[in-house]
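A.B. asks: A predicted structure for the sequence below; I have some questions about it.
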Amino acid sequence: MFLARSKLPARALGLICLASLAALAAALIAQHGFGIRPCPWCVLQRGVFMLIALAAGLGWLLKRQRGLRQAALGLVALLSLAGVAAAYYQHEVASKLASCDMTLADRILSALDLETRLPSVFMVTASCSQASAYRLLGLPYELWSGLLFLGFAGLSLLALRKR
């Protein structure tokens, strides 16, 4: 089995890295291929997926160094919880606002100047209320990403418990 107990931490990190990159690819395909326009909270979640992929990928590459692997799992768990919080906020609060201007997500993206550095990934083209109308299999996109973040958190915490 892929997630055998003896190799769970390293395999969990590899799976999380690949799933994060797949989620990012799916978001970009939805945007550029199907016209799904992202809001600041959508774009912020893309950034969290990128950070999770980076942390999990490095942890997987350094799988022989237990301390670094454990640190990567802890970081993935924390980033995943941040992603859950962002998805929850987007769904419960931001989606009901007429504008996302000057929300935390907008301020973070502006401060990091991500729209200028990599516009094909980080360009905000919709308000949160507009983005809330997009659905995949009947669920808003932010719920899908929140569920994925929740899965990452659970898997990384499970792998952290493995000694």
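C.D. replies: Structure received. Numbers count the residues shown, from 1 in each chain.

A.B. asks: let's check: the centremost residue of this structure is which one?
C.D. replies: When Cα atoms, centre = their mean is applied to the chain, the residue found nearest the centroid is Phe49 (3.0 Å).

A.B. asks: I'd like the next helix or strand past the helix or strand hosting it.
C.D. replies: Per DSSP states H and E: Phe49 is located in helix 40-61. Per DSSP H and E, the first helix or strand lying C-terminal to helix 40-61 is helix 66-92.

A.B. asks: what angle separates that following helix from helix 40-61?
C.D. replies: Put simply, helix 66-92 runs at 160 degrees to helix 40-61, going by axes from the mean of the first three to the mean of the last three Cα atoms, to 10 degrees.

A.B. asks: tell me the helix or strand right after helix 66-92.
C.D. replies: Once the chain leaves helix 66-92, the next helix or strand it forms, by DSSP H and E, is helix 104-112.

A.B. asks: packing partners of that next one?
C.D. replies: helix 40-61, helix 66-92 (3 or more Cβ pairs under 8 Å, 6 or more residues apart in numbering; DSSP states H and E). From N, CA and C alone the C-beta is placed, and that goes for glycine too.

A.B. asks: ok, back up a step: thought the residue nearest to the centre of the chain was touching Ala23?
C.D. replies: Yes - Phe49 is within contact range of Ala23, at 5.1 Å (criterion: Cβ atoms under 8 Å).

A.B. asks: and for these two, which residues touch both?
C.D. replies: Taking Cβ atoms under 8 Å, 6 or more residues apart in numbering as the criterion, Phe49 and Ala23 both touch Ser145.

A.B. asks: just give me the neighbour total for the residue lying closest to Tyr89 once chain neighbours are set aside.
C.D. replies: Leaving aside its sequence neighbours, Tyr89 sits nearest to Trp41 (Cβ to Cβ, 6 or more residues apart in numbering; 6.8 Å). A count of nearby residues for Trp41, using other Cβ atoms under 10 Å, gives 28.

A.B. asks: many thanks, we can stop here.
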